[in-house]
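S.K.: pasting a predicted model and its sequence here:
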Amino acid sequence: MRAAFAVASLTAASLTLAACSSATSSDAGDGGNTVTIASWYEDQVIGTTIEAANDALAADDITLEYTQIPLDQYNTWLSTQLASGEGPDIIMDGASFPARVAAGNLVDISGDDVIAGFTKEGLALASDADGKVYGVPSYGWFSGIFYNKDLFEQAGAEVPSTFDEFLETADALTAAGIKPMTAGLADSDKAIHSLMGYLENAYYHNGEGSPEVDTEFAYGETTLDGNWNDAVSTWSKVIDHGVLTPEMLGTPLTQAVAEFSNGEAAMYISGPWDYQDIKDAGINFGMFSHVGNDPANQWLLGGPAASMGVNVDSERPEQALKALRALASPEAMQATVDANPGAFSYLEGVEGTFPAEYELITPLLSEGHVSVGWDRWGVNMPAQTMLDTLTKGLQSVVGGQESTDDLVKQLDAQADSIRY
């Protein structure tokens, strides 16, 4: 998952990346062999995965038909479809997959071989409190901070290993007349990644809290108010130091990507989904981790990108399960990580590739130092709703309309209204 924003459009055109087959979507109503799946992923992310799955399904005369739905509409589209007993045969979702499990939208696949070989961490978002499994992960995502090596050298700036050093680096870049960071806060999750990346490093793993705080919060056993306050207040120094600015609230994500790729800003928070476009731009870049208190114990933000399961209302459940097995095959999983340099798989035996630009973060990926709070929230609440609240709240904090304490209390209030 490209982090946590997933939403959809009823007018989106269907993108069929399938081998030739006698089956078509028109025969779906009378038991045809076309199995549908949708997500927000572009062709370059998932296209070869669909092709590999279709190669495996050809012997059964099954065609997997993929539809891309716009990222900013997917959650609404999928929720509407499922509420009416419809939707794609294979449900694909990210932070909201646990909500689909809780709503009874997915088939229990606990006893099927399709889950064999996946790690416990990979299956976590697709499992319920009783340990039943309803889906498998597509691949693992992570985010860190891309940086322009030439601009760092020009400013005499060092790659930071702590938050204090990060602020010093931003100041050095500003003093050299270089924009420290670009972030499309008008329509992206970059502020969330900035905050949660800091918390993962400075609070959950190297501070006053621990990951268990999030699970307790999800079940209503504790509040963020009284836990997060000091850490979020410290993080807000990125606003004081010009890393995130009110002007960025009017900047769309496309402009932010262009600014970094064109060498107009020194840093950009992102992950493997933007790697190739940045690489193609020809700049000299690398990536370092989100940072906190301990340079020897750094954590990237990330987790299962999206989980996939069979729609309980599918009119062709047997074919859908076969398609899910094909998508979960080593061949399809390998195709996914090959198409997303730096991505990793939760399926044993599938290895990703780590480009030279990932030199500083490769040890963290190898050690499994990839984690994110909203995955832990998902065990007992629709995490996407929390992320929507966090997005708006952070925009207000960056814009100076509310305090960090106000933001924390808003999250508590939202959680109280949406727990399962």
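M.R.: Perfect, thanks for sending it. Residues are numbered from 1 along each chain as shown.

S.K.: where does the protein have its least confident helix or strand?
M.R.: Using mean pLDDT, DSSP states H and E, the weakest-scoring helix or strand in the chain turns out to be helix 120-123, at a mean of 86.

S.K.: who does that helix touch, helix- and strand-wise?
M.R.: With contacts taken as 3 or more Cβ pairs under 8 Å, 6 or more residues apart in numbering; DSSP states H and E, helix 120-123 sits against strand 136-137, strand 300-304. For glycine as for every other residue, the C-beta is placed from the backbone atoms N, C-alpha and C.

S.K.: compare those and say which comes out lowest on pLDDT.
M.R.: Here the lowest mean pLDDT among those goes to strand 300-304, at a mean of 91.

S.K.: strands paired with it, and their directions?
M.R.: Under the criterion DSSP bridges, strand 300-304 sits next to strand 140-148 (antiparallel), strand 370-371 (parallel) in its sheet.

S.K.: picking that back up, so which of the helices and strands packed on helix 120-123 gets nearest Asn201?
M.R.: Shortest distance between Asn201 and these, using Cβ to Cβ, is found for strand 300-304: 9.2 Å.

S.K.: need the contact partners of whichever helix or strand comes after the closest one.
M.R.: For strand 300-304, the succeeding helix or strand toward the C-terminus, using DSSP states H and E, is strand 307-310. If you take Cβ atoms under 8 Å, 6 or more residues apart in numbering as the criterion, strand 307-310 is touched by 37, 89-94, 97, 100, 106-107, 109, 125-126, 134-138, 317, 320-321, 324, 327-328.

S.K.: out of these, which are buried?
M.R.: By the neighbour-count criterion of 16 or more other Cβ atoms under 10 Å, the contacts of strand 307-310 include these buried positions: 37, 89-94, 97, 100, 106-107, 109, 125-126, 134-138, 320-321, 324, 327-328.

S.K.: out of the residues you listed, which are inside helices?
M.R.: By the criterion of DSSP state H, membership of those in helices covers 97, 100, 320-321, 324, 327.

S.K.: relative to Gly282, which of those is nearest.
M.R.: Closest approach to Gly282 among those (Cβ to Cβ): Leu327, at 34.4 Å.

S.K.: just to check, Pro350 is in contact with Pro330?
M.R.: Rather than Pro, residue 350 is Val. Yes: counting by Cβ atoms under 8 Å, Val350 does reach Pro330; the two are 5.8 Å apart.

S.K.: higher neighbour count, these two?
M.R.: More neighbours sit around Val350 than around the other of Val350 and Pro330, counting by other Cβ atoms under 10 Å; the figures are 20 against 14.

S.K.: pretty sure that one sits in a helix.
M.R.: No: assessed by DSSP: H, G, I helix; E, B strand; the rest coil, Val350 does not belong to a helix; its assignment is coil.

S.K.: and it, what does it touch?
M.R.: The contact partners of Val350, taken as Cβ under 8 Å, 6+ apart, are 330, 333-334, 337.

S.K.: let's see if you can find the most crowded of these.
M.R.: Ranked by the number of neighbours (other Cβ under 10 Å), the contacts of Val350 place Met333 first, at 25 neighbours.

S.K.: what helix or strand does that one sit in?
M.R.: In this structure, Met333 sits in helix 330-339 according to DSSP H and E.

S.K.: again with Met287
M.R.: Going by DSSP H and E, Met287 is part of strand 285-288.

S.K.: show me the beta-bridge partners of Trp141.
M.R.: Gly303.

S.K.: 297 is where my numbering starts, stick with that
M.R.: In the new count, where the first residue is 297, that last one comes out as Trp437.

S.K.: so it sits against Asp570, correct?
M.R.: No: with the criterion set as Cβ under 8 Å, Trp437 and Asp570 do not qualify as a contacting pair; they are 11.5 Å apart.

S.K.: looking at the two, which one has more neighbours?
M.R.: Ranked by neighbour count (other Cβ under 10 Å), Trp437 and Asp570 place Trp437 first, with 27 against 18.

S.K.: pLDDT value on the more buried one, please?
M.R.: Trp437 is assigned 89 on the pLDDT scale.

S.K.: likewise for Ala319?
M.R.: At Ala319, the pLDDT value in this model is 31.

S.K.: now do the contacts for Gln551.
M.R.: Gln551 makes contacts with 478, 480, as judged by Cβ under 8 Å, 6+ apart.

S.K.: helices or strands next to the helix or strand Asp351 falls within in the packing?
M.R.: When elements are defined using DSSP H and E, Asp351 is found to belong to helix 339-353. Helix 339-353 sits against strand 330-335, strand 359-364, helix 613-623, helix 626-635, with contacts defined as 3+ Cβ pairs under 8 Å, 6+ apart.

S.K.: which residues does that helix contact?
M.R.: Applying Cβ under 8 Å, 6+ apart, the set of residues contacting helix 339-353 from outside is 311, 313-315, 331, 333, 335, 359-360, 362, 364, 434, 569, 572, 618-619, 622-623, 625, 627-632, 634-636.

S.K.: distance from the chain centre to that helix, please.
M.R.: Remark: helix 339-353 is offset 20 Å from the chain centroid, using Cα atoms, centre = their mean, to the nearest Å.

S.K.: so for it, mean pLDDT?
M.R.: 95.

S.K.: only alpha carbons, please: show that helix as PDB.
M.R.: As requested, C-alpha coordinates have been extracted for helix 339-353 and formatted as PDB (Å, rounded to 0.1, in the frame of the first residue of the first chain):
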ATOM      1  CA  ASP A 339       0.100  -0.700 -14.200                       C
ATOM      2  CA  GLN A 340       3.800  -0.400 -13.400                       C
ATOM      3  CA  VAL A 341       3.200  -1.500  -9.900                       C
ATOM      4  CA  ILE A 342       0.800  -4.500 -10.400                       C
ATOM      5  CA  GLY A 343       0.700  -5.200 -14.200                       C
ATOM      6  CA  THR A 344       3.400  -8.000 -14.200                       C
ATOM      7  CA  THR A 345       1.700  -9.500 -11.100                       C
ATOM      8  CA  ILE A 346      -1.600  -9.800 -13.000                       C
ATOM      9  CA  GLU A 347       0.200 -11.300 -16.000                       C
ATOM     10  CA  ALA A 348       2.000 -13.900 -13.900                       C
ATOM     11  CA  ALA A 349      -1.300 -14.900 -12.200                       C
ATOM     12  CA  ASN A 350      -3.000 -15.200 -15.500                       C
ATOM     13  CA  ASP A 351      -0.200 -17.500 -16.800                       C
ATOM     14  CA  ALA A 352      -0.900 -19.800 -13.800                       C
ATOM     15  CA  LEU A 353      -4.700 -19.600 -14.400                       C
END
